[in-house]
Each structure stands twice: as C-alpha cells, then as structure tokens.
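Visitor: just coords:
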C-alpha cells in the first residue's frame, strides 16, 4: 500500500461548481498536510497548509483533515477556469527528519 | 514567480551522458530540495541540503549526486544517463530544514534519447 493515495482523475466540472479533491494515507505519524497546485509546465505552488486535524479556509478554498480516518480533502467553491490545474496533496510527520510525501496529483479542468 | 530559479529549462541528451542542473533558491532560504517528477511515479524526493550540508536523502540513485555551494545555489549532477531518467526535475527551497512550506522552481525537463 502506498503511503499516500490520490485519485488521478481527470476531473472535469462546469464553471461555478464545487470541487472536492481527496487523499488517503497510511502513515499515522503524518501531522502536516498541504495542498499544492501545479499548472502545466510549471512548478507546484503551495495552496493550503494545515497542522493536525480540522478545517482551514482561505477564500474559495477549504482544506479538511480527518486524522482518525487518515483522509484529507480540498474543496474549491465557485470554481473558475483559472483553477484548471493538477492538485497535489502532500504530508509530513515534521520534526527533524524531513520527508514530504506527495500524492500523484489530480488533474482538474473547469469548463467555462 | 516563486523566486526559485532553475536552469536550463530543457535539456536533451543521449544515454550514457552526464548533465548538470542548476538551482538558485529564494533570497534568504537556506534549504534546497531536489525532486523528480514522472507520470508514473509522481513527485519523488531526491535529496535535501541545508546551508551547504546534506540534510536528508530520498530515492536518489547512486548515479546522481548534488551539492550546495557557499552562495547557497545547488547543482544536481546526473551521470550515465538512461532512458528512464527522462523526467521533470524540480528544485525547491525553504527557510529552514524542517519547514514544509516549499517554494518550487519551474523545473528542468530532461529528455534522454
């Protein structure tokens, strides 16, 4: 079983839809959870950063972490064509042993 | 713009050759990371340097090596290249070695023919 599993999609939605992206993980030591957005031919950029369980909201984006289920989600409200990108979840256990483990990414297309 | 600069953007070479990828971190960042991204494996962590010293190693092949120089720029050397080494190579930087908030460069697309 991979440490981090992410549905690769592709996911295609109409403009204005609510998008739900998810990752599951197996390592219970993970404490830091991130979502990166990667546009075509660009490097990933940090979108959301969460520590431990709970929700975090930033504009149209909401990140949720459920450590008991080892499940994280990213919700995008009122999706826009400019949200079309690959979304990668990432997580780490923190501390002195750095290791950031990424999911393979979900390709999202928002159609105008 | 993340502030992380990678050169070259594209590299085409032949099997058996050696190439060097270069990265300049964001101003003030001491930690540099190298990642390899391929369609089947996703983003794979290769190696991390902090202030000139190797900090952590991931899935880096013995044919690959890296270093971070006193001016904090980093180079990733890939030798005895194989077809399977074709991938996007990203450099990222962060302020501290345990900071998970990474800033990525635009990557170097390596094609081994």
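Guide: Alright, I've got the coordinates. This one's a predicted model, so the numbers in the text were calculated from it and none came from an experiment.
Visitor: and residue 110, what element?
Guide: Assuming you mean chain A. Here residue A:110 sits within strand A:106-111, counting by DSSP states H and E.
Visitor: think we crossed wires, I meant chain B
Guide: Here residue B:110, judged by DSSP H and E, is contained in strand B:108-112.
Visitor: buried residues in that strand?
Guide: B:108-110, B:112 (16 or more other CB atoms under 10 Å in any protein chain shown). In this view, the C-beta of every residue, glycine as well, is placed from N, C-alpha and C.
Visitor: As JSON lines, those residues with distance to residue B:18 and pLDDT would be great.
Guide: Below are the buried residues of strand B:108-112 laid out as JSON lines (distance: CB to CB, whole Å; pLDDT from 0 to 100):
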{"residue": "B:108", "distance to residue B:18": "14", "pLDDT": "97"}
{"residue": "B:109", "distance to residue B:18": "17", "pLDDT": "96"}
{"residue": "B:110", "distance to residue B:18": "12", "pLDDT": "97"}
{"residue": "B:112", "distance to residue B:18": "11", "pLDDT": "97"}
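Visitor: Residue A:38: which of the residues you listed is nearest?
Guide: residue B:109 (13.9 Å; CB to CB).
Visitor: Which strands border the strand holding residue B:110, and is each parallel or antiparallel?
Guide: Strand pairing for strand B:108-112, using DSSP bridges, gives strand B:10-13 (parallel), strand B:87-94 (antiparallel).
Visitor: which residues does residue A:102 contact?
Guide: By CB atoms under 8 Å, 6 or more residues apart in numbering or on different chains, the residues touching residue A:102 are A:4, A:36, A:88-90, B:42-43.
Visitor: sec struct for the residue nearest to it when sequence neighbours are not counted, please.
Guide: Closest residue to residue A:102 apart from its sequence neighbours, by CB to CB, 6 or more residues apart in numbering or on different chains: residue B:43 at 4.1 Å. What DSSP: H, G, I helix; E, B strand; the rest coil gives for residue B:43 is strand.
Visitor: Provide the count of other residues in contact range of residue B:43.
Guide: Look at residue B:43: counted by other CB atoms under 10 Å in any protein chain shown, it has 23 neighbours.
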